[in-house]
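> The following comprises the amino acid sequence and a computationally predicted model.
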Amino acid sequence: MLIYRVFLAYLLSAIVLTGVSFAEDVLLDSVAAIVNDTAITYSEFEKKYEEAQIFSNAAKIPMLSKTDVISTMTNRVLLKSMAIAMKLSGKDDDELIAKFVDIKVRSYAIVREEDIERFCTENKVKAESDEERKKIEKYLTEEDVNKRLKALIEELRSKSYIKIYVK
């Protein structure tokens, strides 16, 4: 009996020390992209791509390419990481990113009276009421926010490690 126990202990230690595994290795998911220290899984990418297809069909607009979808996901990871670095919080990623954009981008977008006048002149539009002027101001503000956000994303992308595996 003692020989049996010694043999069993030896066998078990040999298995542990050699790293033999009786479990089967299974690939659960693959990586679609790496953004700094964050991985975007292929299943996350596929879900977003399917959502984009459904949206484009419903809105009757051209479908985004796979490159566009993974690029958008990459940009969201960069913006989210900046928001977290600023210690912002939100109920979900959309709210978190929106707070970051409000603080770091939208707060710098300023539309002056001259900008509204120039817009009216260039587009041959008459903004006679306050409501019309506010619509133009909102449009110009969003245009400026988009321009600033694009520049910020380009800066973040240039300073980040990004590897995309989706083709």
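Here it is on my side, so go on. This structure is a prediction, so every number in the text was calculated from the model and none was measured.

> ok, and the closest non-adjacent residue to N75?
Once flanking residues are discounted, N75 sits nearest to I153: 5.2 Å by C-beta to C-beta, 6 or more residues apart in numbering. In short, each C-beta sits where N, CA and C put it, glycine included.

> Show me how far the helix or strand E143 falls within is from its chain's centre.
Assigned by DSSP states H and E, E143 falls within helix 130-158. Chain-centre distance of helix 130-158: 19 Å, with C-alpha atoms, centre = their mean, to the nearest Å.

> for it, which positions count as buried?
Neighbour-count burial for helix 130-158, with 16 or more other C-beta atoms under 10 Å as criterion, is recorded at I136, E137, L140, D144, V145, R148, L149, L152, I153, L156.

> Summarise which helices and strands it is packed against.
helix 66-85, helix 93-104, helix 113-123 (3 or more C-beta pairs under 8 Å, 6 or more residues apart in numbering; DSSP states H and E).

> Now do the second one, average pLDDT.
What it means is helix 93-104. Averaging pLDDT along helix 93-104 yields 95.

> quick one, that helix and helix 130-158 angle?
Note on geometry: by axes from the mean of the first three to the mean of the last three C-alpha atoms, to 10 degrees, helix 93-104 and helix 130-158 are set 100 degrees apart in direction.

> residues making contact with helix 93-104?
Residues outside helix 93-104 that contact it (C-beta atoms under 8 Å, 6 or more residues apart in numbering) are 76, 79-80, 82-84, 86, 88-90, 145, 149, 152.

> which of those count as buried?
R76, L79, K80, M82, A83, L88, V145, L149, L152.

> do you know how far the residue nearest to the spatial centre of the chain is from F55?
The centre of the chain sits closest to R76, judged by C-alpha atoms, centre = their mean, with a distance of 1.8 Å. Applying C-beta to C-beta, to the nearest Å, the value for R76 to F55 is 16 Å.

> got it, and I110?
In terms of C-beta to C-beta, I110 sits 32 Å off from F55.

> which of these two has more neighbours?
F55 (12 against 9; other C-beta atoms under 10 Å).
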